[in-house]
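*Asks:* What shape does this take:
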Amino acid sequence: QVQLVESGGGLVQAGGSLTLSCAASGSIFSINRMGWYRQAPEKQRELVATITADGSTNYADSWKGRFTISRDNAKNTVYLQMNSLKPEDTGVYYCNLQVVPIAVRRSLEVWGQGTLVTVSS
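*Replies:* Residues are numbered from 1 along each chain as shown. A predicted model of the protein is given here:
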């Protein structure tokens, strides 16, 4: 069984920075794509950024240039460095991993529990 633990959310003033972390644990053979999604109040969950196993990144336009996604394969962890935060960045941030468990040997999509980011003006 694979579990994800997110951390790093909180309250920050506009213009500030936060770093989110999402660590996977369990019987993991490999992790393919890792990503972060944001769900703003009363809105649907939307993609923020993704990173592939070889380090290729992709960002939604709203966060391009301000946010940076990275991964540490040795720690099975994905990060989201958020700079120049705006009030409209507020929401619950979820990590999403495509994990290949040892027992299953096929890719499964796993979601973190979510971490709240609140940006005050």
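
*Asks:* Tell me which residues touch the nearest residue to residue 55 once chain neighbours are set aside, please.
*Replies:* Leaving aside its sequence neighbours, residue 55 sits nearest to residue 71 (C-beta to C-beta, 6 or more residues apart in numbering; 7.4 Å). Placement of C-beta: from N, CA and C, glycine included. Residue 71 makes contacts with 34, 51, 55, 77-79, as judged by C-beta atoms under 8 Å, 6 or more residues apart in numbering.

*Asks:* Wait, a helix at residue 43?
*Replies:* No - counting by DSSP: H, G, I helix; E, B strand; the rest coil, residue 43 is not part of a helix but coil.

*Asks:* now residue 28: how far from residue 9?
*Replies:* Residue 28 sits 24 Å away from residue 9, going by C-beta to C-beta, to the nearest Å.

*Asks:* next one: residue 44
*Replies:* The gap separating residue 44 from residue 9 is 19 Å, by C-beta to C-beta.

*Asks:* ok, the two, which is more surrounded?
*Replies:* Each of residue 44 and residue 9 has its neighbours counted (other C-beta atoms under 10 Å); residue 9 has more, 19 against 7.

*Asks:* Could you verify my assumption that that one touches residue 19?
*Replies:* No - between residue 9 and residue 19 there is no contact under C-beta atoms under 8 Å: 10.0 Å.
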